[in-house]
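**Student:** Test case, fold it:
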Amino acid sequence: MNGSTPSAAITGRVIGYDVARALALFGMVVVNFKIVMGLDAGGGHPLLDLAALLEGRAAALFVVLAGIGVSLASRSARERGDAASLSNTRTALLKRASFLFVVGLLYTPLWPADILHFYGLYITVGVLLLAAPTRRLWLAAGLFTAMFVVLVLVLDYERGWDWDTLAYEGLWTPLGMVRHLLFNGFHPVFPWTAFLLVGMALGRLDLSVRSVRARVFAWGLAAVVVAEGASALLVSGLSAGASVSDREIIEALFGTAPMPPMPLYVVAGAGGAAVMVALCVALTSRYEDSRLWKVLVPTGQLALTLYVAHVVVGMGVLSAVGRLEGQSVGFGLGSAATFYLSSVAFAYVWRRAFERGPLEALMRRLTRPGTAMRGGMVANER
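**Tutor:** Next up is the predicted model:
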């Protein structure tokens, strides 16, 4: 136990990453509450339009941050060329991956859109490329993205899905599970592993250097502008005079929605994540003593616990009192905001007494890594 949240100087953490994770958690809470509460059925609303901008982006930011954590956890061993230490890091990461995979599968019956079990697979791929040159990480990210396009062309992306209920038939059969994990689940290995690999590449950069942050921000912003701009032009141009069904196909192929996760979505999502990471590190470096970070950093450090809690506690309470469905947009988004603010308060109080969140502590106890990897779903060590 400790009396207060440790400072970055003591723990060696890059607090900008924790802040970015806290913001990603906010995005996921808003999006998931919106979907489960069926708020889109109420028609257009300015707040819903804003919330729609977070769909697929908050989750992508989470995965990019996980990739950054993977690189930071192995940085010392990689830079020293210490094979034994690198082997220990691989073992520790694989244990974490196994933990997340199992917990995620156990969580899936309650929350079908779970991302944790996919995390386990992304990290496993990351471990295989832990010592690979950075250019190989970028190449692998491109290959995972391209492979999804190949799979879409040869397989039926809609197989197993009931789009009205978002139920996935045959999920627990061997074939259904493999299809769900690799191809057409909520966050399939192809192409979502690309986000982790992009994060691993970013994690090898020294974002404490202003010029490096500026470069990451510029390239990320350029990726977003190019992807979104190309999508808008292609969808608009190809949809002219097309039938309703053809327009749906065009939007699926050239849009930037997360399902199906086509290349323009991956580029936009990765670019947006890079922008957010650079901004968060820049702001926390510029305003190092801001009180805002003191409440957001613990939230990012308890991301695993709070991610599970937003369904078990947040949606669970609403369901228990009969307020989960058929609510107004204001009530639905207000509920998401209330849960998030409660999470921020809980995390702040918890971290004043304990070093890790409940699930974070359980993961560490069960996996017993040989290297220090603290906080969040993966490390943020400097």
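**Student:** Name the residues that touch the helix or strand S87 falls within?
**Tutor:** With secondary structure defined by DSSP states H and E, S87 is part of helix 83-107. For helix 83-107, contacts defined as Cβ atoms under 8 Å, 6 or more residues apart in numbering pick out 70, 73-74, 76-78, 114-121, 123-124, 126-127, 130-131, 308, 311, 359, 363, 366-371, 373, 377-378. For glycine as for every other residue, the C-beta is placed from the backbone atoms N, C-alpha and C.
**Student:** Mind listing what's buried along it?
**Tutor:** 85-86, 88-97, 99-101, 103-105, 107 (16 or more other Cβ atoms under 10 Å).
**Student:** now swap in stretch 324-338 and tell me
**Tutor:** 324, 327, 329, 332-333, 335-336.
**Student:** Could you do stretch 277-289 as well?
**Tutor:** 277-282, 284-285.
**Student:** can you pull out the helices in the stretch 151-300 of the chain?
**Tutor:** Under the criterion DSSP state H, counting those that start in this stretch, helices of the stretch 151-300 of the chain are mapped to 174-179, 189-203, 210-239, 244-254, 263-286, 291-301.
**Student:** so where's the chain uncertain?
**Tutor:** Counting by pLDDT under 70, the chain shows low-confidence ranges at 1-12, 41-44, 369-382.
**Student:** So for it, the centremost residue is which one?
**Tutor:** F62 (2.4 Å; Cα atoms, centre = their mean).
**Student:** contacting residues around that residue?
**Tutor:** With Cβ under 8 Å, 6+ apart, F62 has these contacts: 21, 24-25, 28, 115, 303, 377.
**Student:** 7 Å instead, please
**Tutor:** 21, 24 (Cβ atoms under 7 Å, 6 or more residues apart in numbering).
**Student:** Quickly find the element holding it.
**Tutor:** Assigned by DSSP H and E, F62 falls in helix 57-80.
**Student:** and the gap between the residue of the chain most remote from its centre and I250?
**Tutor:** For the chain, the largest distance from the centre (Cα atoms, centre = their mean) belongs to G241, which lies 37.2 Å off. Going from G241 to I250 by Cβ to Cβ, to the nearest Å gives 11 Å.
**Student:** Equivalent analysis for V103, please.
**Tutor:** 39 Å.
**Student:** just G271 next, same as before
**Tutor:** Relative to I250, and taking Cβ to Cβ, G271 is found at 22 Å.
**Student:** Check G27 too.
**Tutor:** Distance from G27 to I250, by Cβ to Cβ: 27 Å.
**Student:** neighbour-wise, which of those two wins?
**Tutor:** G27 (22 against 17; other Cβ atoms under 10 Å).
**Student:** Confirm for me that that one is in contact with G56.
**Tutor:** No: look at G27 against G56 with Cβ atoms under 7 Å: they stay out of range, at 9.6 Å.
**Student:** how many other residues sit next to A347?
**Tutor:** Quick note: A347 (other Cβ under 10 Å) scores 25 neighbours.
**Student:** Could I get the contacting residues of it?
**Tutor:** Residues counted as contacts of A347 (Cβ under 7 Å, 6+ apart) are 298-299, 302, 306.
**Student:** can we see that at 6 Å?
**Tutor:** 298-299, 302 (Cβ atoms under 6 Å, 6 or more residues apart in numbering).
**Student:** Restricting to C-alpha, output stretch 86-98 in PDB.
**Tutor:** As requested, the backbone C-alpha atoms of stretch 86-98 are provided in PDB (Å, rounded to 0.1, in the frame of the first residue of the first chain):
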ATOM      1  CA  LEU A  86      14.400 -10.700 -23.800                       C
ATOM      2  CA  SER A  87      13.300 -14.300 -23.300                       C
ATOM      3  CA  ASN A  88      12.000 -13.400 -19.900                       C
ATOM      4  CA  THR A  89      10.000 -10.500 -21.400                       C
ATOM      5  CA  ARG A  90       8.500 -12.800 -24.000                       C
ATOM      6  CA  THR A  91       7.500 -15.300 -21.400                       C
ATOM      7  CA  ALA A  92       5.900 -12.600 -19.200                       C
ATOM      8  CA  LEU A  93       4.000 -11.200 -22.200                       C
ATOM      9  CA  LEU A  94       2.700 -14.600 -23.300                       C
ATOM     10  CA  LYS A  95       1.500 -15.200 -19.700                       C
ATOM     11  CA  ARG A  96      -0.400 -11.800 -19.800                       C
ATOM     12  CA  ALA A  97      -1.700 -12.700 -23.300                       C
ATOM     13  CA  SER A  98      -3.000 -16.100 -22.000                       C
END
